[in-house]
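*Asks:* sequence first, predicted model second:
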Amino acid sequence: VLLMQSGGGSVQPGGSLRLSCVVSGFPFSTSALSWARQTPGKGLEWVGGIYSNGTTRYPESVKGRFTVSRDNSKNEVSLQMNNLKPEDTAVYYCAIGLIVPDPGYDVEYVYRGQGTQVTVTS
């Protein structure tokens with residue numbers, strides 16, 4: 001199983017970034033997928049996910065700013081991030097699976113990408 005991420009980088013507050021993740025070695029079209037992020041010294045924070053039927057879920061912290069989408073023809077899941085804030089700075093991971101955690105709880109995944117740095121700074 002391989003999850004290969006691309007995108008990320010540095011942006012000013014209020015800016016936008018898009019992350020992509022191509023999955024191989026796993027039944028993509030029937031899988032739920034998630035994005036999560038991590039800052040130094042903290043666990044993984046779930047930031048959104050998409051079920052196989054296209055239904056999306058988000059925590060309140062990013063709702064209305066982040067959008068998860070999928071392209072089953074390309075085995076690709078994406079995370080569009082708009083109106084970024086300095087507190088969104090983190091390493092972002094795509095992952096297989098979707099469990100909506102209670103607020104404040106970390107998540108874990110068996111399979112996840114290599115991570116992509118997103119920095120929001122003026």
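*Replies:* Received, thanks.
*Asks:* quick one: the strands in this protein?
*Replies:* Remark: strands assigned in the chain by DSSP state E are 2-7, 9-11, 17-24, 33-38, 45-50, 56-57, 66-71, 76-81, 90-96, 116-120.
*Asks:* residue 53: neighbouring residues, count only.
*Replies:* 7 (other C-beta atoms under 10 Å). (C-beta placed from N, C-alpha, C; glycine too.)
*Asks:* next one: residue 17
*Replies:* Residues within reach of residue 17, counting by other C-beta under 10 Å, total 20.
*Asks:* out of the strands of the chain, flag the one nearest residue 103.
*Replies:* Taking C-beta to C-beta as the criterion, strand 45-50 is the member of the strands of the chain that comes nearest to residue 103, at 10.2 Å.
*Asks:* residues in contact with the closest one?
*Replies:* With C-beta atoms under 8 Å, 6 or more residues apart in numbering as the test, strand 45-50 has contacts from 32-38, 56-59, 61-62, 66-70, 77, 79, 90, 92, 98-101, 106-107.
*Asks:* check stretch 57-74 too.
*Replies:* Contact with stretch 57-74 is made by 22, 28-29, 33-35, 45-51, 54, 56, 76-84, 88, 98, 100, 103, as judged by C-beta under 8 Å, 6+ apart.
*Asks:* just the buried subset of the residues you listed, please.
*Replies:* Buried residues within the contacts of stretch 57-74, defined by neighbour count using 16 or more other C-beta atoms under 10 Å: 22, 28, 33-35, 45-50, 76-81, 84, 88, 98.
*Asks:* what residues are bridge-paired with the residue positioned nearest the centre of the chain?
*Replies:* Most central in the chain under C-alpha atoms, centre = their mean is residue 35, positioned 2.2 Å from the mean C-alpha point. Using DSSP bridges, the beta-bridge partners of residue 35 come out as residue 48, residue 94.
*Asks:* that one is in contact with residue 92, isn't it?
*Replies:* Yes: under the contact definition of C-beta atoms under 8 Å, residue 35 touches residue 92, with a separation of 6.3 Å.
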